[in-house]
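**Q** Sequence first, predicted model second:
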Amino acid sequence: MLEVIDLVKRYGEVTAVDGVSFQVAAGEIVGLLGVNGAGKSTTLETIVGLVTPDSGTVTVGGHDVRAHPEQARAHIGFAAQDTALYPRLTVRENLRFFGRLTGASRHDADARADELIGLLGLTEQAGRLAGVLSGGEARRAHVAVALMARPRLLLLDEATVGLDVRTRTHMLELVVRAARESGAAVLFSSHYLAEVEIICDRVVIIHRGRVLADGTVAETIGRHAKSAVEFTFGDGTRQRHEVSDPAAELPALLARLDTGAGAPELKSVNVLPASLETAFWALTGEEPAGLVEEVA
Ligand SMILES: Nc1ncnc2c1ncn2[C@@H]1O[C@H](COP(=O)(O)OP(=O)(O)OP(=O)(O)O)[C@@H](O)[C@H]1O
């Protein structure tokens, strides 16, 4: 449904996307992962046609996005990182308006708007002006807009940011249903690796504009993840050590710790099993931003 081939996008000195290729099939959920500035949003914006690449091609449902933008875009539902709703229209009016924009009849747009209001748990907010919604409510309404035209390709840029645990679970269920029941191809950018591990069939990890890994969650963990031992010190600093066998290697790691005068006191020891997070860390040398956010 989506094919990205050798995409390059430069902004002056910065190469935001540096030869990115991957595919998303109908009914498949692919996680697009990377630290801040890795090139995720630029990739998504190029797929939608908002950004013109320096080179490379994007096809959606077999239509080249640059040669046939109308046909390609007709398949796409896009929820960008910044929520875009008309503040002076209510949630229901926003949905109906965007539905009509994509060519739905008044009757169909109204029916689909009501369906999505129910699905996204926005019944109470449906009559409120979009401008007064809370951050989490606005994000749900924003994703509802992307779903209005029953897209065959759904692009979600950090769709779960700012959602509480219950709403987040609800949103993830909806994404899974869009893929499993409606057969949509879903490209899902996120910093929350735990949720990616749960819902995504495959993950594409990008770093400095390049694809470092592309495979199923299990393949990515199997190929790149190692378990780790993490020490946290009294001054708030942390040290991570990749290890194959934490129990066997812990004594040696502890013995090597600096215990001299002025060295920070060891506060806790954490064993991190091999996971998508430790794979991400091994590949990029960095922690996913979502983890830091959740800890803070
Ligand atoms: N319009 C622009 N002009 C100049 N530089 C840009 C522009 N858009 C993006 N960049 C740069 O390109 C790089 C990739 O940015 P991008 O927004 O694609 O990253 P991201 O992976 O989506 O990051 P985040 O997780 O913070 O949203 C960054 O270094 C960014 O500063």
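**A** Arrived safely. Just so we're clear, the structure is a prediction, and the values are computed from it rather than from any experiment.

**Q** quick one, strands of the stretch 51-200 of the chain?
**A** Remark: strands assigned in the stretch 51-200 of the chain by DSSP state E, counting those that start in this stretch are 55-60, 63-64, 76-79, 153-157, 185-189.

**Q** Mind listing what's buried along the first one?
**A** The reference is to strand 55-60. G56, V58, T59, V60 (16 or more other Cβ atoms under 10 Å). (Glycine included, C-beta is placed from N, CA and C.)

**Q** re the thing from before, got the strands of the stretch 51-200 of the chain as TSV, with distance to S41 and mean pLDDT columns?
**A** Formatted as TSV, the strands of the stretch 51-200 of the chain follow (distance: least, Cβ to Cβ, whole Å; pLDDT from 0 to 100):
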stretch	distance to S41	mean pLDDT
strand 55-60	15	96
strand 63-64	22	94
strand 76-79	11	90
strand 153-157	6	93
strand 185-189	7	95
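
**Q** Quick one: those as a markdown table, columns for distance to the ligand too.
**A** Listed next are the strands of the stretch 51-200 of the chain as a markdown table, based on distance: least, Cβ to the nearest ligand atom, whole Å:
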| stretch | distance to the ligand |
| --- | --- |
| strand 55-60 | 15 |
| strand 63-64 | 22 |
| strand 76-79 | 13 |
| strand 153-157 | 7 |
| strand 185-189 | 7 |
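
**Q** And those strands: which comes nearest A138?
**A** Nearest to A138, of all the strands of the stretch 51-200 of the chain, is strand 76-79, at 11.1 Å by Cβ to Cβ.

**Q** What ranges in the stretch 1-150 of the chain fall below the confidence cut-off?
**A** The stretch 1-150 of the chain contains no residues with pLDDT under 70.

**Q** Show me which residues of it sit near the ligand.
**A** Contact residues, the stretch 1-150 of the chain versus the ligand (Cβ under 6 Å from any ligand atom): Y11, V14, A16, G34, N36, G37, A38, G39, K40, S41, T42, Q81.

**Q** which element is the fifth one on?
**A** Following DSSP states H and E, there is no helix or strand that holds N36.

**Q** any chance of the strands of the stretch 51-200 of the chain in TSV, plus distance to E197?
**A** Output for the strands of the stretch 51-200 of the chain, formatted as TSV (distance: least, Cβ to Cβ, whole Å):
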stretch	distance to E197
strand 55-60	27
strand 63-64	32
strand 76-79	21
strand 153-157	16
strand 185-189	12
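
**Q** out of those, which comes closest to A179?
**A** A179 sits nearest to strand 185-189 of all the strands of the stretch 51-200 of the chain, at 5.0 Å, using Cβ to Cβ.

**Q** what's the closest one in contact with?
**A** Strand 185-189 is contacted from outside by 1-2, 24-34, 40-41, 44, 47, 152-159, 175, 178-179, 196, 199-200, using Cβ atoms under 8 Å, 6 or more residues apart in numbering.

**Q** are any of the residues you listed buried, and which?
**A** The neighbour-count test (16+ other Cβ under 10 Å) marks 1-2, 24, 27-34, 40-41, 44, 47, 152-159, 175, 178-179, 196, 199-200 as buried among those.

**Q** Distance across stretch 70-80, terminal residue to terminal residue?
**A** Length of stretch 70-80, first residue to last, Cα to Cα, to the nearest Å: 19 Å.

**Q** Equivalent analysis for stretch 68-76, please.
**A** Stretch 68-76 stretches 13 Å from its first residue to its last (Cα to Cα).

**Q** 17 is where my numbering starts, stick with that
**A** With the count now opening at 17, the last piece we talked about shows up as stretch 84-92.

**Q** What residues sit buried inside that stretch?
**A** By neighbour count on 16+ other Cβ under 10 Å, the buried set for stretch 84-92 is A88, R89, A90, H91, I92.

**Q** what about R196, neighbour count?
**A** Residues contacting R196 under the criterion other Cβ atoms under 10 Å number 11.

**Q** how about it, what does it touch?
**A** G43.

**Q** For the residue of the stretch 67-216 of the chain at minimum distance from the ligand, which non-adjacent residue is closest in space?
**A** Taking Cβ to the nearest ligand atom, the ligand has its nearest neighbour within the stretch 67-216 of the chain at Q97, 5.9 Å off. In this structure, Q97 finds its nearest non-sequential neighbour in D173, 4.4 Å apart by Cβ to Cβ, 6 or more residues apart in numbering.

**Q** Show the contacting residues for the one you found.
**A** Contacts of D173 by Cβ under 8 Å, 6+ apart are K56, S57, L60, F94, A95, A96, Q97, S205.
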